[in-house]
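Participant: Sequence plus the predicted model coming up.
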Amino acid sequence: GGNEFGEIYDDMKDVLDDLKAATNKCDIYFPTPSKAISQSHNNQLLIQRDVFYGRKSELSMLMHSLNSVTRGISLMTAVSGLAGMGKTTLVNQMEEPLKERNGYLIRAKFDHNARQPDSVIFSAIDLFLGNLVQDGDTYILSCLKQRIDDIVGPCVNILTKSIPNLDKFVDCIIVSDDEDEVPATTQQQRSQQSKLVLTCSLVRALANQKNRVVLLIDDLQWADQTSLDLVQHIVSDRDISHCFCIICYRDDDKLTPPVINMLNGVKGQGISVQTIILGPIERESVNTLISEALCLPPSLSRNFSGLVHSKTGGIQIKCAVIFVFRCRRKSQIFPCFVPLRRCCLVCDKFSTDTQQRRLDSTELEYETMGV
């Protein structure tokens, strides 16, 4: 028989899929009248925020590694892919599971416009420590202060210059008297080497059995050699446990070689590196997104989602889909702008756009835009 739009099912599987979707996600496909009216008035789609679509096998690999870190093993995972494949969106899914395990997330992101790329990781640690101080949990602060004192030691003053919030965990700062007698070049070399060693010690102090650490380093293709050396030292330090280092980098013939060299250096020291290479998101995940966004049964959105997937190739970075659905019964137009960030892995914002096109029961139209 036909559904409410007059369409006739040709395949029993479509019937079962639609019934299953409606049963499992009743609040999405059958929103309350008040919610539907509110959303339509605000030009919003009827979809939950921060919903993750696709990448199940890749996410499962990350979760397995996180569980291994929980058992005291330190690991490294390298996530790579072309621009727009959803590397950042994927690894961001680790945040909530980590919180549930009382873990810490230290997030560093490189930028090709950064004036001081060598300070990115230190700034990330500084921000993390600042947030801990702001939270004001005296027990956690006291325990961490003791661990830093025991593991990093009095030479921590070398790091406080790059990580200012670290001084809140140190009783006193020790300054060397003979620093001025050493040539500037030698001072710089000693300082850089000391930073590498002491940063590893600091990470060892932060990561422990009660509070695992995920060190998430994004866009590593923009990192300088000093930062790459630091990452390699942290990952290769066998004294560090309960630490999960995740790096994301773009597959690019010109930008990738230094990152590959760093990874080869890590592997050369006997450290296992888990590799996740992201390709285009699967077509069915795009269909699930559009189906839920329009409150349509999956079978009815499949043609349109096929157009979207075909046009973007499962990649979003400079594409967006603008569409309007005309409800045949009410002759009412619902405008919506769907930013397909990494092909809509996460739907976090919807708004109208002046360049709208209509999608009704007889015609599917779409438009790609740079974002």
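Facilitator: Structure received.
Participant: okay, Phe350: pLDDT?
Facilitator: According to the prediction, Phe350 has pLDDT 30.
Participant: what do you get for the one 4 residues further on?
Facilitator: As predicted, Thr354 sits at a pLDDT of 29.
Participant: Show me which residues of stretch 21-28 are buried.
Facilitator: Residues of stretch 21-28 classed as buried by neighbour count (16 or more other Cβ atoms under 10 Å): Ala21, Ile28. For glycine as for every other residue, the C-beta is placed from the backbone atoms N, C-alpha and C.
Participant: Average pLDDT for it, rounded please.
Facilitator: On average, stretch 21-28 scores 77.
Participant: What number of neighbouring residues does Ser305 come out with?
Facilitator: 25 (other Cβ atoms under 10 Å).
Participant: Does the residue nearest to it when sequence neighbours are not counted lie in a helix or a strand, and which?
Facilitator: Once flanking residues are discounted, Ser305 sits nearest to Asn287: 3.8 Å by Cβ to Cβ, 6 or more residues apart in numbering. Assigned by DSSP states H and E, Asn287 falls within helix 283-293.
Participant: Helix or strand next in line after that helix, which one?
Facilitator: Heading C-terminal from helix 283-293 (DSSP H and E), you reach helix 298-312.
Participant: Could you tell me the angle between that following helix and helix 283-293?
Facilitator: 120 degrees (axes from the mean of the first three to the mean of the last three Cα atoms, to 10 degrees).
Participant: and Ile106, that one's in a helix?
Facilitator: No - according to DSSP: H, G, I helix; E, B strand; the rest coil, Ile106 belongs to no helix; its state is strand.
Participant: Please name the bridge partners of it.
Facilitator: Assessed by DSSP bridges, Ile106 has beta-bridge partners Leu215.
Participant: Give me the neighbour count for it.
Facilitator: 21.
Participant: Name the SS class of the residue nearest to the spatial centre of the chain, please.
Facilitator: Residue closest to the average C-alpha location in the chain (Cα atoms, centre = their mean): Asn92, at 2.8 Å. The assignment at Asn92 comes out as helix when based on three-state DSSP.
Participant: just to revisit the earlier point, roughly how far apart are the residue nearest to Ser305 and Ser119?
Facilitator: 44 Å (Cβ to Cβ, to the nearest Å).
Participant: Could you check which of these two is surrounded by more residues?
Facilitator: Asn287 (22 against 17).
Participant: right, and the more buried one touches Ser301 too?
Facilitator: Yes - counting by Cβ atoms under 8 Å, Asn287 touches Ser301, with 5.8 Å between them.
Participant: excluding its backbone neighbours, what's nearest Asp126?
Facilitator: Using Cβ to Cβ, 6+ apart, the nearest residue to Asp126 is Ile163, at 4.5 Å.
Participant: Count residues in the vicinity of the one you found, would you?
Facilitator: 26.
Participant: Also Leu144?
Facilitator: Count around Leu144 with other Cβ under 10 Å applied: 20.
Participant: give me every residue that touches the residue nearest to Asp126.
Facilitator: Phe122, Ile125, Asp126, Leu129, Leu202 (Cβ atoms under 8 Å, 6 or more residues apart in numbering).
Participant: please redo it, this time with the cut-off set to 6 Å
Facilitator: The neighbours of Ile163, taking Cβ atoms under 6 Å, 6 or more residues apart in numbering as the test, are Phe122, Ile125, Asp126.
Participant: So which of the residues you listed is the closest to Ser194?
Facilitator: Using Cβ to Cβ, Phe122 is the member of the contacts of Ile163 that lies nearest Ser194, at 13.2 Å.
Participant: Please report the distance of the closest one from Leu278.
Facilitator: When Phe122 is compared with Leu278 (using Cβ to Cβ), they lie 28 Å apart.
Participant: swap in Asp218?
Facilitator: Counting by Cβ to Cβ - Asp218 and Leu278 are separated by 13 Å.
Participant: Kindly report the same for Glu58.
Facilitator: 7 Å.
Participant: How about Lys56?
Facilitator: 13 Å.
Participant: try Arg147
Facilitator: 36 Å.
Participant: Ok, Leu220 next?
Facilitator: Per Cβ to Cβ, Leu220 is found 15 Å from Leu278.
Participant: Also Tyr29?
Facilitator: Where Leu278 is concerned, Tyr29 sits at a distance of 29 Å (Cβ to Cβ).
Participant: higher neighbour count, the two?
Facilitator: Leu278 (22 against 19).
Participant: from memory that one sits against Ala83, does it?
Facilitator: No - judged on Cβ atoms under 6 Å, Leu278 makes no contact with Ala83 at a distance of 10.8 Å.
Participant: And stretch 234-243, what's buried?
Facilitator: Applying 16+ other Cβ under 10 Å to stretch 234-243 flags Ile234, Val235, Ser236, Asp237, Ile240, Ser241, His242, Cys243 as buried.
Participant: Distance of Asn131 relative to Asn165?
Facilitator: In terms of Cβ to Cβ, Asn131 sits 9 Å off from Asn165.
Participant: Specify which residue of the two has the higher count of neighbours.
Facilitator: Neighbour totals were compared for Asn131 and Asn165, and Asn165 leads with 17 against 11 (other Cβ under 10 Å).
Participant: so what's the more buried one up against?
Facilitator: Asn165 touches Asp126, Leu129, Gly130, counting by Cβ under 6 Å, 6+ apart.
Participant: ranking these by neighbours, who comes first?
Facilitator: Leu129 (23 neighbours).
Participant: check contacts around it.
Facilitator: Asn165.
Participant: May I have the phi/psi pair for it?
Facilitator: Per-residue torsions, Leu129: phi -60, psi -40 (degrees, to the nearest 10).
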